[in-house]
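Undergrad: need a 3D model of the sequence below.
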Amino acid sequence: MSSKEFNQQLLNYQNPLIAFAMSLTKDYDDARDLAQETMTKALLYRSRYSEEFNFKSWIFTIMRNSFFNVHKRKKKTHSIFSYEDASEVISSDNNYSPETFYNYNEIQNTIGSLDNIYRVPFEKYHQGYKYREIAEQLNLEIGTVKSRIFFARKKLAARLTDHKV
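TA: Here you go, the predicted model:
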């Protein structure tokens, strides 16, 4: 497929991409951003497209993966807590007392007390980095990164034993 044909195909799917992005994001501005990111990635990775693939499936897969990667990263790096959520917690029948929750500083201090070999991969993972990215940054095998994050969680759970959620 020539560059001109590729670009024309991409433009033909602009509106369907925005519609699909709306179904994922539920926000028009986010949907347009996601569609633009998808089209940019399609152009960037044009050399990876083969005519044996269905073009529509290929670009919609790019969009779906982009959405899940961004959504996953946002979920790991940001906690969104609305007033509606607060009222549900306050009005619920949970038997949690204030003593069962750790404050942010206690959790940060506990994470900070981990050995660097566990703390650094754990923090990077919770900043939204993927295992592969962490492995490359720290010059480690992916399996080593996964096990260190696993053991960091175990150590934190042991140190935060009275935390109930």
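Undergrad: and the lowest mean pLDDT element among the helices and strands of this protein?
TA: In the chain, no helix or strand scores lower on mean pLDDT, DSSP states H and E than helix 83-91, which sits at a mean of 42.
Undergrad: for the closest residue in space to residue 46 that isn't next to it in sequence, the count of nearby residues, please.
TA: Excluding its sequence neighbours, the residue lying closest to residue 46 (CB to CB, 6 or more residues apart in numbering) is residue 6, at 5.9 Å. C-beta: built from backbone N, CA, C; applies to glycine. Using other CB atoms under 10 Å, residue 6 has 16 neighbouring residues.
Undergrad: verify the stated contact: residue 6 with residue 45.
TA: No. In this structure, residue 6 is not within contact of residue 45 by CB atoms under 8 Å, at 11.1 Å.
Undergrad: could you chop the chain up by domain?
TA: Taking automatic domain parsing as the criterion, the chain consists of the domains 3-77, 97-159.
Undergrad: quick one: contacts for residue 113?
TA: residue 159 (CB atoms under 8 Å, 6 or more residues apart in numbering).
Undergrad: quick check on it: phi, psi?
TA: With angles defined as degrees, to the nearest 10, residue 113 shows backbone torsions of phi -80, psi -10.
Undergrad: so which bits of whichever strand or helix holds residue 122 are buried?
TA: Per DSSP states H and E: residue 122 is located in helix 116-126. Buried residues in helix 116-126, counted by 16 or more other CB atoms under 10 Å: 118, 119, 120, 121, 122, 123, 124, 125.
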